[in-house]
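# give me coordinates for this.
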Amino acid sequence: MAFPEYSRTLGKIIVTDLKAVADRQLGNRPIYLILDEFNVFASAAIVDLIGKARSKGFCAVMAMQSLSDIEAACGPAVV
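Numbering: from 1, shown residues only. As a prediction, this is how the structure comes out:
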């Protein structure tokens, strides 16, 4: 949390990598994504990833202080 811009950038890189993994995942066993402080790297891209990766066996757990944190960072559409 000391470097919020770095956290957002790193989050975007990880989301890109997870999309690549989801494309190759066959859905044989679940993959759990634990996303703590979700509001730091929340974006439309990660919401898209969560929606599409579900059919590949991904399960997402998102943690944040409140939904208003996500709304402040990304707007009501992401909430």
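
# quick one: the helices in this structure, in order.
Assigned by DSSP state H, the helices in the chain fall at 4-24, 38-41, 44-53, 67-74.

# so for the first one, mean pLDDT?
When the per-residue pLDDT values of helix 4-24 are averaged, the result is 80.

# in space, what's closest to the residue lying farthest from the centre of the chain - neighbours in sequence excluded?
Centroid-distance maximum for the chain: Asn28 at 21.3 Å, with Cα atoms, centre = their mean. Counting by Cβ to Cβ, 6 or more residues apart in numbering, Asn28 lies nearest to Gly57, which is 7.1 Å off, once chain neighbours are set aside. Heads up, the C-betas are built off the backbone N, CA and C, glycines and all.

# and the pLDDT for that neighbour?
In this model, Gly57 carries a pLDDT of 83.

# go ahead and confirm it touches Gln25.
Yes - the pair Gly57 and Gln25 qualifies as a contact (Cβ atoms under 8 Å) at a distance of 6.0 Å.

# one step back: my guess is the residue farthest from the centre of the chain meets Lys56, correct?
No - counting by Cβ under 8 Å, Lys56 is not a contact partner of Asn28; they are 9.8 Å apart.
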